[in-house]
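Chemist: Take this sequence and fold it.
(2 chains)
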Amino acid sequence: MIQPATGTALKSRGNWGVLALWLLPLLFLGLFFFAPLISVFKLAGEAAVTAAPQANLLDRITRPLGFTFYQAALSTLATLALGLPAAYIFGRYTFPGKSLLRVLTTLPFILPTVVVAAAFNALIGPRGWINLGLMNLFNLTAPPLQMLNSLPAILIAHVFYNTTIVIRVVGSAWSQLDPRMEQASRVLGATPLKTLREVTLPLLRPAILAAGLLVFMFDFTSFGVILLLGGPQFATLEVEIYIQALHMLNLPLAGLLSAVQLLCTLGFTIAYSRASLHLNVPLAPRLQGEGMRRIRTWREKLLVGVTIILLAVLLVLPLAALGARSVVRLEADRGERGGVQTGLTLDYYRELFVNRRQSLFYVPPIEAARNSLVYAGTTVLFSLTLGFLASSALARRARINRVLDPLLMLPLGTSAVTLGLGFIVVFSRPPFDPGSFPLLIPLAHSLVALPFVVRTLLPALRSIPISLRQAAGVLGASPLRTWWEVDLPIITRAAMVSAVFAFTISLGEFGATSFLARPEYPTLPVAIYRFIGQPGALNYGQALAMSTLLMLVCGLGILLIERMRLPGLREDW
Amino acid sequence: MALSVREIHKMYEGKPLLRGVSFEVPDGETVCLLGPSGSGKSTLLRIITGLEAAESGQVLWDGADLAGVPVHQRHFGLMFQDYALFPHRKVAENVAFGLRMQNLPAPEINQRVNEALERVNMAGFANRRVTDLSGGEQQRVALARALAPRPLLLMLDEPLGALDRALREQLGQFLRELLHETQIPAIYVTHDQEEAFAIADRLVLLNEGRVEQDGAPDQVYNRPVSVWAARFLGLTNVLPGTVVKRHPLQVKTALGVFRPVEVEPTEPVGSEVSLLFRPTAARVGSENGGENSLTGIVEDTTFRGESYRVTLRCVDHSVFQFYLPDPLPVHSKVTLVLEPNEMVCLK
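Modeler: Residues are numbered from 1 along each chain as shown, chains lettered A, B, ... in the order given. Below you'll find the predicted structure:
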């Protein structure tokens, strides 16, 4: 919240400095975010004019749109159903293993969609543990469970992904909620249930609303999960844009769909920022951890136990299945006949380094990994530089920030597929050509990473009391020197956290990359997508091996982030 | 007998917080729980309301054990230290909350909300947001909210703690009148002895989880049972000694012999005791030494409006403070004679 008195006092001398800080981030956003978006809109406008007479045009938009809303709403409800009890136990109880579970719940947050899809594939797919197990048990020749390419598969993956958001946002609000509110209600004669309905839930409403909107937005723009787990018959807007642009080469329709998508996400973004405005209003002053209690009654034990087990099963089982499946041979390689030697194997990992087919277009996974690392490094460089500038600007009080802050967050709500499409449309004209697309990949990744970087750096910057800077100034430090001596040491940890964020985001980004990666320069997620779709145990095994490696790298990232997190600071999503 | 609390024991983070607390709140009386912060006063309140469970002991209402009665069925009122007003509800809605929980008809709720707000002089504030109120206004709304359901017992946890001095006196006065008028039995928790003296029918002095003393305010002040009680009540002139004679009482100390007025039961001859001198006990004497007198160097003289506070350092380096009508020059050597009935012999 901006306090008007100090805001106006500082505004007069701060505006130009703030604008200077904004210069580079705005230029970046203009060139690589707004220009592509505008060209998508232009494309959509032209398509709307020329293709309007087509009778089925409306149908071709409303069908994916309707399904997108439908699956997003269902996913959000399912996520809240698990996330709210989990948020409650995180916000109100201390129990053994809580910090481990907390780390676990952050894992999906940073796990690439392709990895999650591969994990669920390894668990419930036709070649996954459950189906192979059943086939073995009952001597079946075909996988008995058709779980993949179904709506439940999509929903489960979305719940896997987004429960964390509910736990973070609502759980944090719950732990901030003054326990005396509930106690006052109880003393005034309200039953526990009435207290929940009359006091707790109304006080948490902004947090629940914000979390729900965020989850809905992520489900709405979900791409990798639906493409890999849903299959072609479950086309959301995202998948339809991808199919129309890359498979049907119908760019106008893709543009039109993107425009519809953008309008929707814009609406959600505005609604979300409205909702999250109330998030930061402190409910009451309270002591740290005052509302936490231990588990005592059997009812509490049941609730906490069931929630923990559900969470653990949901979060651990697919990942464990993925890791295990990548080191076990259970079926024949392509072309192999007769008895298959099953058992533990590291073949799938060994094969990652081999160009077995000697084909020009076949890229061994190790090269995909190298490409991914180069892109990720570049992304860290870009997004941290831009993120520093933008969050330094945001940390100051200036009226212009109120306009520019949501602008900066826009890429978060914009689908990566739309972004990829926009890049293709803008940069396929001279002096650019399709060959230069891979160079755009780190730029697209930086766009995706930037909001995360800013949201990590900003609280750290804001946590530095102005008096520290003033003290340094009075002691004779120039503004630059003050930044070097005061700000930098404090924000170094936040900078490292955001670097890990940016790195892992880039490693796992799939939506935009699937548009921009040339066949000869795939990234790891693109390679996984290619391999997992192909027949043969070796391809499948290699896809899972790559996914496992990606998962491990991301897990390492999470550990680093948890280690470096500043105590007492929370990112304000 | 309305409320009685028996032998409450409670651990907090592995340490005993309450170690067998017992006291009673008779009908229509205001009992002050007085003790330093950390003495377990608030916890005791929360145990009485049922918000927390004691490890052992009983809370009885009219002789019936409340152990199985959940918080919301006890019909007690609690005013929280920082009020705990519901920020998402307006003033009137906050006051109406307890009435709604009793499923009263809407017209009656309205009427009683208005009554309660009028009683605390907040009638015009019904539709205001509680977050817009000042500290004193919030305090009165919290009081109205606690009173509106007509609780069997009202508990107030440091109700004036968050207010500034002028407001404290004004609202303290108001609370006293209100509690007297409504005749609701009340437990008033505070760490401020002046506040406690002003409001209490009875004082329960808590020290390290035990009841140190329990009695009427003047009785507690005049006859503190221990050095700790005396010091906590602001009586700091304490001198150790030995009983040498009874009937009349005679106590020998490092600073001479004193003959306090004897109050039964007295300690046997030979027992170690402490002598307490009230700050108003002294007048300047002419004689040098002798019984019932202190001789020393004036260390400080402070003007306090109605009197001068003189700090006296005696030969054994013990320090005493007395209120005298006239100033004494600093560094001068003086002898102060003490009134026998302003001396108390403590265990």
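
Chemist: For chain B, which residues are neighbours of chain A?
Modeler: B:46, B:49, B:51, B:70-78, B:80, B:82, B:84-88, B:97-98, B:101-102, B:145-146, B:149 (Cβ under 8 Å from any Cβ of the partner chain). No exception for glycine: its C-beta is placed from N, CA and C like everyone else's.

Chemist: how about the strands in the stretch 51-200 of chain A?
Modeler: All strands of the stretch 51-200 of chain A, identified by DSSP state E, counting those that start in this stretch, fall at A:93-94.

Chemist: Sort out for me which of the residues of chain B next to chain A are in helices.
Modeler: Taking DSSP state H, the ones among the residues of chain B next to chain A that sit in helices are B:46, B:49, B:97-98, B:101, B:145-146.

Chemist: For chain A, give me the ranges with low pLDDT.
Modeler: Along chain A, segments meeting pLDDT under 70 span A:1-14, A:51-55, A:278-291, A:331-342, A:355-362, A:430-432, A:434, A:565-573.

Chemist: What is the least confident helix or strand in chain B by mean pLDDT packed up against?
Modeler: Between all helices and strands in chain B, the lowest mean by mean pLDDT, DSSP states H and E belongs to helix B:165-182, at a mean of 85. Using 3 or more Cβ pairs under 8 Å, 6 or more residues apart in numbering or on different chains; DSSP states H and E, the elements in contact with helix B:165-182 are helix B:135-147, strand B:186-190, helix B:193-199.

Chemist: Check what contacts it and list those residues.
Modeler: B:30, B:119-120, B:135-136, B:139-140, B:143, B:147, B:154, B:156, B:159-160, B:163, B:186, B:188, B:195, B:198-199 (Cβ atoms under 8 Å, 6 or more residues apart in numbering or on different chains).

Chemist: Now do that helix: distance to the chain's middle.
Modeler: 15 Å (Cα atoms, centre = their mean, to the nearest Å).

Chemist: Contacts only, for the residue most central in space within chain A.
Modeler: With distances taken as Cα atoms, centre = their mean, chain A has A:Phe109 as the residue nearest its mean C-alpha position (5.6 Å). Contact partners of A:Phe109, counting by Cβ under 8 Å, 6+ apart, are A:161, A:164-165, A:558.

Chemist: Need those in JSON lines (columns: neighbour count).
Modeler: JSON lines is the format used below for the contacts of A:Phe109 (neighbours: other Cβ atoms under 10 Å in any protein chain shown):
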{"residue": "A:Tyr161", "neighbour count": "21"}
{"residue": "A:Thr164", "neighbour count": "24"}
{"residue": "A:Ile165", "neighbour count": "23"}
{"residue": "A:Ile558", "neighbour count": "21"}
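
Chemist: and residue 240, how many neighbours does it have?
Modeler: Let's take chain A. 25 (other Cβ atoms under 10 Å in any protein chain shown).

Chemist: Oops, wrong one, chain B.
Modeler: Using other Cβ under 10 Å: B:Pro240 sits among 14 other residues.

Chemist: do the same with the one 10 residues further on
Modeler: Residues near B:Gln250, counting by other Cβ under 10 Å, number 18.

Chemist: What is the nearest of the ones in helices among the residues of chain B next to chain A to B:Gly20?
Modeler: B:Arg46 (17.4 Å; Cβ to Cβ).

Chemist: The closest one: what's it in contact with?
Modeler: Contact analysis of B:Arg46 by Cβ under 8 Å, 6+ apart lists A:183, B:52.

Chemist: So for it, what pLDDT did the model give?
Modeler: On pLDDT, B:Arg46 comes in at 90.

Chemist: shouldn't B:Arg304 be in contact with B:Tyr323?
Modeler: Yes - using Cβ atoms under 8 Å, B:Arg304 makes contact with B:Tyr323 at a distance of 7.2 Å.

Chemist: How much space separates the residue nearest to the centre of chain A from chain B?
Modeler: Going from A:Phe109 to chain B by Cβ to the nearest Cβ, to the nearest Å gives 30 Å.

Chemist: for chain A, what spans make up the strands?
Modeler: For chain A, the strands defined by DSSP state E occupy A:93-94, A:293-294, A:328-329, A:343-344.

Chemist: which helices and strands does the last one pack with?
Modeler: In this case it means strand A:343-344. Using 3+ Cβ pairs under 8 Å, 6+ apart, strand A:343-344 is in contact with strand A:328-329.

Chemist: what are the pairing partners of the strand it packs on, and which direction each?
Modeler: With DSSP bridges as the test, strand A:328-329 is paired with strand A:343-344 (antiparallel).

Chemist: roughly how far is the strand it pairs with from the heart of the chain?
Modeler: Put simply, strand A:343-344 sits 34 Å off its chain's centre (Cα atoms, centre = their mean).

Chemist: Stretch A:305-321 now?
Modeler: That offset, for stretch A:305-321, works out to 20 Å (Cα atoms, centre = their mean).

Chemist: In helices, which of the contacts of A:Phe109 appear?
Modeler: A:161, A:164-165, A:558.

Chemist: Looking at these, which is nearest B:Ile109?
Modeler: Of all the ones in helices among the contacts of A:Phe109, B:Ile109 sits closest to A:Ile165, with 39.6 Å by Cβ to Cβ.

Chemist: Pretty sure that closest one sits against A:Leu214.
Modeler: Yes - assessed by Cβ under 8 Å, A:Ile165 is found in contact with A:Leu214 at 5.4 Å.

Chemist: Relative to A:Ala545, how far out is the closest residue in space to A:Leu346 that isn't next to it in sequence?
Modeler: Excluding its sequence neighbours, the residue lying closest to A:Leu346 (Cβ to Cβ, 6 or more residues apart in numbering or on different chains) is A:Val327, at 6.4 Å. Distance of A:Val327 to A:Ala545, given as Cβ to Cβ, to the nearest Å: 8 Å.

Chemist: Could you tell me which residues touch both of those two?
Modeler: A:348-349.

Chemist: Comparing the two, which shows the higher neighbour count?
Modeler: Neighbour count, other Cβ under 10 Å: between A:Val327 and A:Ala545, A:Ala545 has more, with 26 against 17.
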